[in-house]
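>>> give me coordinates for this.
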Amino acid sequence: MDTNYLLIAALLLGCLASTVPVFMALFFTGTVGLVYLVGIDPQIVIEVLYRSMDKFALIVVLFFVLCGNIMTTGSIVAKLIKAANILVGFLPGGLAMAGVLACGFFGAISGSTVATVVAIGGFMIPALLENGYDEKFSVGIMTTAPILGVIIPPSIAMILYAMVSNDPLEALFLTGFVPGLLIIIGMCLYSYFVCKKQGLKTLKKPSRSEALAVLKESAWALFLPVLIFGGIYSGMFTANEAAVVACFYAFFVEIFIHKDMKLRQLKNVIVSSAVTSSTLLMIVAGASVFGEFLTFEQIPNQIASAVTDNIQSPVVFLLSVNLLLLIIGMFMDIISATLILTPIFLPLLSKFGINSMHFGLLMTLNLGIGYCTPPLGVSLYISGAAVNRDLLYVSRAVLPFLLIQIAILLLLTFWPDLVLMLPRLVYG
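Numbers count the residues shown, from 1 in each chain. Modelled structure (predicted):
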C-alpha cells in the first residue's frame, strides 16, 4: 500500500509540475486513487463532485468576487486610495503607507490577494515611481501588502477553511483583524524609517477643510466595510447575506452616486466574475475528489499518528507546520492548499491542544505569504509585469517585507491569545 501512496504522490506532483491545470491534477489523481486503488464505483466520483458544489457557504465567495469586480470597474478603489493618502500621505513614506492602508480597505471588501494586487498595486506602483520612490521598494511593498486581502475579513481562504473545519465563519473572520493591523503597522513603520533615511520629499500636510472634503467624497466607499462588518456582528445579517448586500451597495454607489460605471459595463463585470468563480469552484470540486481518496484511505489519521509519535511539543509542531506551509505556498495556490491540507491537519489539533481558529489564521497567513514567494507566487508575476522586471528582481524586492510578515507570523504562533482575543470578546 505504501507503494501505491508513492505512486499517487508522484502522479499528483507530476501533474502539478506540468501544464495540467490544478483542478484537473487534483481530480485526475483523486479519481485514479478511488477507482483503481480503493476500487469504488466511478459513479461515486460524480456524487462527490456534486456534494462539493452543493454547499451554501460557497455563495459568499461568489458574491465577494462580484463585489470586487464592481469596485475595480468603478471608482471605489480610487476613492479608497485617495482617502488613505489624505490620512498619511504627508508623512515620510506617506504615499507607500497610503498604499498599505488602501490594501487593507480593499481587502476588507474583496477577500482576495490577487484582486488587491491588480486593483491597488496596478495604481500605486506607477504613482510611487512618479513621486521619486525607489523602484525596488515600490515593487516590494505593493507586492506584499495585498496579503491583507486574505487576512482582513472577508477572506475567501478563511471561508473555505471554515467550510472544511466547521468553525463558525463570523468568529473565524474576527481572528484576522489583529494580525491584519499588525501587518499594516509593521509595513508602515518600515516605510517611514526607510523613506525618512533616504530623505524623500513629503507631501504638504492637508488642511482640515481639504481632509474633510476628501473624506466626504470617499464616504460612500469607506462605508462599505462598515456596512459589511457592522451588519454581520450586529446580527442584522449573516456573512452570506453580507456578500449579497455588499454587491448591491457597490452596484448602487457606482451607478447612481459616483456614476463612474455604466450599465453597459455590467455584462462584462458579471462575465468576468463568473469566470473567476467557475475557476474557484472547479478547484473546490477537484480538491474534494482528492480529499475523498485521502478519507477512504484514512491517510489523515495515519499522518496524525505518525506526527504524534515523533513530536510531543505543540510549539515544535506549529513551527514544523509553519515551515511546511511556507514551502507548500511556494508551489500551490492558497485555495487548493487549504482544501487539501485542512482535513490532514485537523485531527492533529486536538492532540496538541491547539485551537482550530488559531490554526486557521496561521494557515491562511502562511499560504498568503506564498503569493509572494518564487517560483509560483502569482503576485510576483503581476507586479513584475507592471514594471517590466523579471522574477528574480521582484523576488529580491519583496524580501524585507516578507521578513516583516514572517516575524508577525512567529509572534502569532507563540501568542494565540492575540489571535483569539476578538472572537472571545464578541462570542465569549
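>>> figure out how far the helix or strand where residue 77 lies is from the centre of its chain.
Element membership for residue 77 (DSSP states H and E) is helix 76-88. Relative to the mean C-alpha coordinate of its chain, helix 76-88 is positioned 21 Å out (C-alpha atoms, centre = their mean, to the nearest Å).
>>> just the residues contacting it, thanks.
Applying C-beta atoms under 8 Å, 6 or more residues apart in numbering, the contact partners of helix 76-88 are 70-71, 94-95, 97-99, 101-102, 105-106, 119-120, 123-124, 188, 203, 206, 210-211, 214-215, 217-218, 220-222, 224, 250, 253-254, 258. Backbone N, C-alpha and C define where each C-beta goes, glycine included.
>>> how about 7 Å then?
Helix 76-88 is contacted from outside by 71, 94-95, 97-98, 101-102, 105-106, 119-120, 123-124, 206, 211, 214-215, 217-218, 221-222, 250, 253-254, using C-beta atoms under 7 Å, 6 or more residues apart in numbering.
>>> and the buried ones among these, selectable in PyMOL?
Of the contacts of helix 76-88, the buried ones go into a single PyMOL selection, burial set by 16 or more other C-beta atoms under 10 Å:
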select buried, resi 71+94+95+97+98+101+102+105+106+119+120+123+124+206+214+217+218+221+222+250+253+254
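>>> what about the contacts of helix 76-88, which are in strands?
Among the contacts of helix 76-88, no member falls in strands (DSSP state E).
>>> of the contacts of helix 76-88, which belong to helices?
Of the contacts of helix 76-88, the ones assigned to helices by DSSP state H are 71, 94-95, 97-98, 101-102, 105-106, 123-124, 211, 214-215, 217, 221-222, 250.
>>> residues touching residue 355, list them.
If you count contacts by C-beta under 7 Å, 6+ apart, then residue 355 has 416, 420 around it.
>>> for residue 317, same thing?
311, 352.
>>> and it, what helix or strand is that in?
helix 314-329.
>>> need the next SSE after that helix, C-terminal direction.
Using DSSP H and E, the helix or strand that follows helix 314-329 in sequence is helix 334-352.
>>> what is the burial count for residue 131?
Residue 131 has 16 neighbours, counted by other C-beta atoms under 10 Å.
>>> find the nearest non-adjacent residue to it, please.
The spatially closest residue to residue 131, leaving aside those adjacent along the chain, is residue 95, at 5.6 Å (C-beta to C-beta, 6 or more residues apart in numbering).
>>> pLDDT score assigned to the one you found?
Looking at residue 95, its pLDDT is 86.
>>> hang on, it packs against residue 128?
Yes. Counting by C-beta atoms under 7 Å, residue 95 does reach residue 128; the two are 5.9 Å apart.
>>> centroid-nearest residue for the protein?
Central residue check for the chain by C-alpha atoms, centre = their mean: the C-alpha nearest the mean position is that of residue 150, 2.3 Å away.
>>> these two touch, right, residue 104 and residue 182?
No. Residue 104 is not in contact with residue 182 according to C-beta under 7 Å; the separation is 11.4 Å.
>>> now the lengthiest helix in the chain and helix 334-352, what's the angle there?
As assigned by DSSP H, the longest helix anywhere in the chain is helix 266-296. Angle between the axes of helix 266-296 and helix 334-352 is 40 degrees (criterion: axes from the mean of the first three to the mean of the last three C-alpha atoms, to 10 degrees).
>>> helices and strands around helix 266-296, which ones?
Counting contacts by 3 or more C-beta pairs under 7 Å, 6 or more residues apart in numbering; DSSP states H and E, helix 266-296 is packed against helix 22-32, helix 43-53, helix 58-73, helix 334-352.
>>> where are the low-confidence patches of the protein?
The chain contains residues with pLDDT under 70 at 1-2, 16, 56-57, 300-301, 304, 308, 376, 428.
>>> ok, back up a step: now do the helix holding residue 317: distance to the chain's middle.
In terms of C-alpha atoms, centre = their mean, the centre of helix 314-329 is found 18 Å from the chain centre.
>>> what's the angle from that helix to helix 334-352?
On the basis of the same axes, to 10 degrees, helix 314-329 is oriented at 170 degrees to helix 334-352.
>>> dump helix 314-329 to PDB, restricted to CA.
Taking C-alpha atoms only, helix 314-329 is exported to PDB below (Å, rounded to 0.1, in the frame of the first residue of the first chain):
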ATOM      1  CA  PRO A 314       2.800  21.900  20.400                       C
ATOM      2  CA  VAL A 315       5.400  24.600  19.800                       C
ATOM      3  CA  VAL A 316       7.600  22.200  17.800                       C
ATOM      4  CA  PHE A 317       4.500  21.000  15.900                       C
ATOM      5  CA  LEU A 318       3.400  24.600  15.000                       C
ATOM      6  CA  LEU A 319       6.900  25.600  13.900                       C
ATOM      7  CA  SER A 320       7.200  22.500  11.700                       C
ATOM      8  CA  VAL A 321       3.800  23.200  10.200                       C
ATOM      9  CA  ASN A 322       4.800  26.800   9.600                       C
ATOM     10  CA  LEU A 323       7.900  25.700   7.700                       C
ATOM     11  CA  LEU A 324       5.900  23.100   5.700                       C
ATOM     12  CA  LEU A 325       3.200  25.600   4.800                       C
ATOM     13  CA  LEU A 326       5.600  28.200   3.700                       C
ATOM     14  CA  ILE A 327       7.300  25.700   1.400                       C
ATOM     15  CA  ILE A 328       3.900  24.400   0.100                       C
ATOM     16  CA  GLY A 329       2.800  28.000  -0.500                       C
END
